[in-house]
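> any chance you can model this:
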Amino acid sequence: MMLDPLRLRLLEGLRLPDSAAGLARRLRLPRQRVNYHLRELEKQRLVELVGRRRRGNCTARILRATARAYVISPAALGGIGADPASVKDRFSAA
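I've put the predicted structure just below:
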């Protein structure tokens, strides 16, 4: 689920490029958990690889969020999404 609160925190944390390990340290979460969610965000193209950093035998992937803000389609929200026909918002994506 892309609207998972943890994934939203990760996206916010990647406004500036960082590795999974660095992000895990900042958010005080297990690196494996962060890495799993980052890979899912990468599949959806919400984060992108911007470099690699070598430390000893390991290579850290450096990622960043692909945008500062995202527009979510009401269709993606299913039953909790607003009906675009009933919303009188001039800034609505619909």
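> rest of the way, CA atoms for contacts and neighbours
Noted.
> buried sites along the longest helix along the chain?
Once the chain is assigned using DSSP state H, the helix that runs over the most residues is helix 31-43. Buried positions in helix 31-43, judged by neighbour count with 16 or more other CA atoms under 10 Å: 31, 34-35, 37-38, 41-42.
> also stretch 58-76?
61-66.
> export those residues as JSON lines, with columns for secondary structure, distance to Val50 and pLDDT.
Listed next are the buried residues of stretch 58-76 as JSON lines, based on DSSP: H, G, I helix; E, B strand; the rest coil; distance: CA to CA, whole Å; pLDDT from 0 to 100:
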{"residue": "Arg61", "secondary structure": "strand", "distance to Val50": "8", "pLDDT": "95"}
{"residue": "Ile62", "secondary structure": "strand", "distance to Val50": "6", "pLDDT": "96"}
{"residue": "Leu63", "secondary structure": "strand", "distance to Val50": "6", "pLDDT": "96"}
{"residue": "Arg64", "secondary structure": "strand", "distance to Val50": "7", "pLDDT": "96"}
{"residue": "Ala65", "secondary structure": "strand", "distance to Val50": "10", "pLDDT": "94"}
{"residue": "Thr66", "secondary structure": "coil", "distance to Val50": "10", "pLDDT": "93"}
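> rewinding a little: partners of the next helix or strand after the longest helix of the chain, with directions?
Proceeding N to C from helix 31-43, the next assigned helix or strand is strand 47-55, under DSSP states H and E. Looking at strand 47-55 with DSSP bridges, its partner strands are strand 58-65 (antiparallel).
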